[in-house]
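Colleague: structure, please.
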Amino acid sequence: MATESTASLRGFSARFVQTIWLGAASLSLGGVVLDSGFSQESPTSGDFEFRQGERIVILGSTFADRLQHFGWLETRIQLAKPEREISLRNLGWSGDEVGLMPRPLDFGSLESHLADQRADTILLCFGTNESFKGEAGLPKFREDLVALIDSLQAHQFNGESAPRLVLVSPIAHEQLGGDWPDATPRNAALARYTVAMSEVAESKDLSFVDLFHPTRSLMAENHGAKLTTNGIHPTEDGYRVISEVLALGLGISDPLPKQEERLTALRDLIVEKNRQFMLRWRPVNAEYVFGRRKEPFGVLSFPPEMEQLDRQITALDEQIRAEAGKLFTAKP
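Modeller: Numbering: from 1, shown residues only. Predicted coordinates for the structure are as follows:
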């Protein structure tokens, strides 16, 4: 990120919260500029409190998958409650839908991977892909979402209790102009799927985080750099902004620390941990790790390497918590 952009992001959290919910005059971050009169829409329903030693797992499609590359959401979570020893694992997979999660041969079931991660809380970030089916696809979406919820709640991935589930809506489609498609019909579809998720969450007594309405307002009021590269996929600054909305939905609203260099160092640790975890969970040479070519050498060579990656990931978790604790203490 450019120096000017980085400087404009300092103190973002407090001003962002103030702009959305208290009607502050303006906000600028990374070239994203908001005017006064910004929509005061709450992103969350239901109370949310982090627990000691909580393992949070993210599921979803491309939006969820790409969270790992920027680290802003986990940075927010770690800085809010460093004493809780929270850890986060991203199992998002581009192209996933609530009722369609194709995987490589012998990759293992969703349930087996959630058990491996001992998931306590699962963020379900769906709705974008499904919304392309329009209003006709809503009944199937509701049916598949309820089926996924019921399936997950039937397990005790942490060995003690059913997972706490949080439904997270899709973000809005950004109007880019020029030769880009008109976002209006897409946002109409996304709004319907957001409502469906909200209604399912209410019927199942689950927490729900609405990213659609706050991001639609952000995009409408922004007269600076765009939040997405193509209307759908956020930029790095876009992920920072959207992670603030998601963090607010999880009950986090305290200001970020002003020490930008140390904040960057923490986020770099998180991104590296995510990279190491991806090598462990979704290896690029999967065919030799668990696929058709695992015999005769993969079954001998890779288990020790996976154990080494596990140790590295655990060590990075500890470094992340330690650094977050120092920044938490230093916050104004």
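Colleague: wouldn't I171 be in contact with L211 here?
Modeller: Yes - I171 lies in contact with L211 (Cβ atoms under 8 Å); the separation is 4.8 Å. Glycine gets a C-beta too; all of them are placed from N, C-alpha and C.
Colleague: give the residues shared as contacts by these two.
Modeller: In terms of Cβ atoms under 8 Å, 6 or more residues apart in numbering, I171 and L211 are both contacted by the residues I242.
Colleague: contacting residues around R89?
Modeller: R55, I56, V57, I58, Q117, A119, F277, W281 are the contacts of R89 under Cβ under 8 Å, 6+ apart.
Colleague: what about 7 Å?
Modeller: R55, V57, Q117, F277 (Cβ atoms under 7 Å, 6 or more residues apart in numbering).
Colleague: just give the nearest non-adjacent residue to the third one, would you?
Modeller: Put plainly, it is Q117. Computed as Cβ to Cβ, 6 or more residues apart in numbering, the closest residue to Q117 that is not its neighbour in sequence is R89, at 5.0 Å.
Colleague: now that neighbour: how far from E160?
Modeller: The spacing between R89 and E160, counted by Cβ to Cβ, to the nearest Å, is 18 Å.
Colleague: again with I252
Modeller: For I252, the distance to E160 equals 25 Å [Cβ to Cβ].
Colleague: what of M219?
Modeller: M219 is 41 Å from E160, by Cβ to Cβ.
Colleague: these two: which has the busier surroundings?
Modeller: Relative neighbour count places M219 above the other of M219 and E160, with 23 against 8, counting by other Cβ atoms under 10 Å.
Colleague: ok, that one - contacts?
Modeller: Each residue near M219 by Cβ under 7 Å, 6+ apart is listed here: A172, E174, Q175, L227.
Colleague: redo that, cut-off 6 Å
Modeller: By Cβ atoms under 6 Å, 6 or more residues apart in numbering, M219 lies in contact with A172, E174.
Colleague: looks to me like it is in a helix.
Modeller: Yes - assessed with DSSP: H, G, I helix; E, B strand; the rest coil, M219 lies in a helix.
Colleague: pull out the buried residues from the longest helix along the chain.
Modeller: Of all segments of type helix in the chain, defined using DSSP state H, the longest is helix 298-330. For helix 298-330, the buried set under the neighbour-count rule, 16 or more other Cβ atoms under 10 Å, comprises 298, 302, 309, 312-313, 316-317, 319-321, 323-324, 327-328.
Colleague: same check on stretch 196-214?
Modeller: Quick answer for stretch 196-214 (16+ other Cβ under 10 Å): 196-198, 200-201, 206-214.
Colleague: wait, is L73 part of a strand?
Modeller: No - using three-state DSSP, the secondary structure at L73 is helix, not a strand.
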